[in-house]
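# Provided below are the primary sequence and the corresponding predicted coordinates.
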Amino acid sequence: MSHDRVSSSTFLGRFVARDQGLRYRDRYRTGRHARVDRLERAALRELMADLGTLHRVLDLPSGTGRLSAVLAEFADRVTLADGSSTMLQIAREDLNGLPADYIQTDLESLALNAGSVDLVFATGFSITSKTAHCAHACSANSPA
């Protein structure tokens with residue numbers, strides 16, 4: 001097992017139990033994290049507005065979908081992808097009615113066809129040489 005995989009597994013292990021996922025989600029609802037949440041949402045809306053309406057956006061890692069709702073304001077459909085089934089379940093509950101798909105995966109395992117998404121939104125990533133290679137391969141396969 002590679003060092004990258006161990007680090008990823010250790011991180012994901014924090015979000016196995018439902019209470020851990022809920023605690024992660026709820027920390028952005030009050031205090032200083034709520035301020036960060038408002039600022040991030042505003043910045044994301046500003047960036048997305050420049051792109052116009054998109055057909056499909058991939059949010060990876062989506063976590064509990066905190067920013068997926070903002071992405072949905074600018075896309076016909078959002079795909080939430082995360083390594084934690086717990087986080088995806090919380091997102092599914094919170095984003096009920098959002099035109100979305102939910103996939104349990106990580107960047108290293110994700111298989112994207114060229115042109116299948118208009119935008120890959122990735123926040124909170126720890127970039128390793130392996131994930132950087134995957135990101136480059138995805139962008140290299142995108143139509144010009």
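Cool, the structure landed. Numbers count the residues shown, from 1 in each chain.
# please name the nearest non-neighbouring residue to the residue nearest the centre of the chain.
Averaging the C-alpha coordinates of the chain gives a centre point, and the residue nearest to it by Cα atoms, centre = their mean is residue 62 (2.4 Å). Closest residue in space to residue 62, ignoring its immediate chain neighbours: residue 80 at 3.6 Å, by Cβ to Cβ, 6 or more residues apart in numbering. Every C-beta, even on glycine, is put in place using the N, C-alpha and C of the backbone.
# test my guess that that neighbour contacts residue 99.
No: the pair residue 80 and residue 99 does not pass the contact test of Cβ atoms under 8 Å, sitting 11.3 Å apart.
# the more surrounded of these two?
Residue environment comparison for residue 80 versus residue 99 gives the larger neighbour count to residue 80, 28 against 11, counting by other Cβ atoms under 10 Å.
# what residues sit buried inside whichever strand or helix holds that one?
If you go by DSSP states H and E, residue 80 is part of strand 75-82. Of the residues in strand 75-82, those buried under the neighbour-count criterion (16 or more other Cβ atoms under 10 Å) are 75, 77-82.
# now do whatever helix or strand comes next after it against strand 75-82, angle only.
Toward the C-terminus, strand 75-82 is succeeded by helix 85-94 as the next helix or strand (DSSP H and E). Between the axes of helix 85-94 and strand 75-82, defined by axes from the mean of the first three to the mean of the last three Cα atoms, to 10 degrees, the angle is 150 degrees.
# show me what helix 85-94 is packed up against.
Using 3 or more Cβ pairs under 8 Å, 6 or more residues apart in numbering; DSSP states H and E, the elements in contact with helix 85-94 are helix 18-26, strand 75-82, strand 100-104.
# compare the mean pLDDT across those and name the weakest.
For the helices and strands packed on helix 85-94, mean pLDDT drops lowest on helix 18-26, to a mean of 85.
# tell me the bridge partners for the residue nearest to residue 62.
Taking DSSP bridges as the rule, residue 80 bridges to residue 59, residue 102.
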